[in-house]
Structures are given as structure tokens and as C-alpha cells.
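Student: Got a predicted model here, sequence first, then my questions.
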Amino acid sequence: MSNILEHHFEQTWEIYTSSWKAKTAAEKRNLFEKSLDQHCEYSDPLTITKNWDELLDYMVSFHQQIPGGYFDTYYFLAHNGQSIAKWKMKSGDDTIIGEGVSYGQYNKAGKLTRMTGFYPLPGQ
């Protein structure tokens, strides 16, 4: 049974990460509906968001800084409503511009309630 849940969490994670690559706010919100609890919390070394609107604003800002930027997950593990993912941040032309690890928490419906990203800041 845990393999089935882990696979479900991985699918949810991939839908969520694809929202970073989506080009419009409407596309992002559509992906949020499929993968995120409405009151999910996102945090990384630069910000904390507490709902879809704040996360959407942060994603738009990310795309202004890195046009076409997105995250490519290359390692994923999950158990007991939690996951960890290793990823590469890529620019619009698929150049690797960073790497990091994220921790996720899921509700009983299998949607993400918390996403925490870890990565070195420039100069670290």
C-alpha cells in the first residue's frame, strides 16, 4: 500500500512543480487545484507564502527574474504523508542554474499542505 501512496504523492509533486513552469496565472491556478491545499504554506530561504495568491505572486516574480525557469525533480521519496525531492533549477533554455532539496507534507486528500525548499543562496 505504501508504494501506491508514494506514487500518488509523486504525481501530486510533479503537478505542483509543473505549476512553476506554467506560463499564465490561470494555468498555475489550474495546477494548484489538482495538487495544493488552498491554505498551503511554501517557504524557501527568500520567502514564506501562506496561500495560493501569495504563492502565485512569488512564482510570477520568479519568472520575471528567470524567464521560463522551472524545476526538474530527479529524486523523490515519500512516506506517511511526507516527501523529499531533489531538483535542479533550470532556465528557459534548459541550462542548470541551481540545485536544491524540497520537503513536502500532504493532507488526507493527498494534496500538498507545506512545501519547503532548501538551496544555497548566491555567495554561500
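Tutor: Received it, and whenever you're ready, just let me know what you need.

Student: if I look at Leu77, how far off is Val101?
Tutor: Between Leu77 and Val101 the computed distance is 11 Å (Cβ to Cβ, to the nearest Å). Using the backbone N, CA and C atoms, a C-beta is placed for each residue, glycine as well.

Student: Who are the packing partners of the longest helix along the chain?
Tutor: For the chain, the helix with the greatest residue count under DSSP state H is helix 2-21. Judged by 3 or more Cβ pairs under 8 Å, 6 or more residues apart in numbering; DSSP states H and E, helix 2-21 is in contact with helix 25-35, helix 52-65, strand 70-79, strand 82-90, strand 96-106, strand 112-118.

Student: out of these, which comes closest to Ser43?
Tutor: If you check each of the helices and strands packed on helix 2-21 against Ser43 by Cβ to Cβ, strand 112-118 wins as the nearest, at 5.1 Å.

Student: List the buried residues in that closest one.
Tutor: Under the neighbour-count criterion of 16 or more other Cβ atoms under 10 Å, strand 112-118 has 112-113, 115, 117 buried.

Student: what do you get for stretch 40-58?
Tutor: 40-42, 44, 49, 52, 55-56, 58.

Student: coming back round to it: overlap of the contact sets of Leu77 and Val101?
Tutor: Jointly contacting Leu77 and Val101 under the rule Cβ atoms under 8 Å, 6 or more residues apart in numbering are Ile84.

Student: I'd like to know which of the buried residues of stretch 40-58 is nearest to Lys88.
Tutor: Asp44 (15.0 Å).

Student: Which residue comes closest to the residue positioned nearest the centre of the chain once chain neighbours are left out?
Tutor: The centre of the chain sits closest to Thr17, judged by Cα atoms, centre = their mean, with a distance of 4.2 Å. Computed as Cβ to Cβ, 6 or more residues apart in numbering, the closest residue to Thr17 that is not its neighbour in sequence is Phe71, at 4.9 Å.

Student: Centre of the chain to stretch 17-34, how far?
Tutor: From the chain centre to the centre of stretch 17-34 is a distance of 10 Å (Cα atoms, centre = their mean, to the nearest Å).
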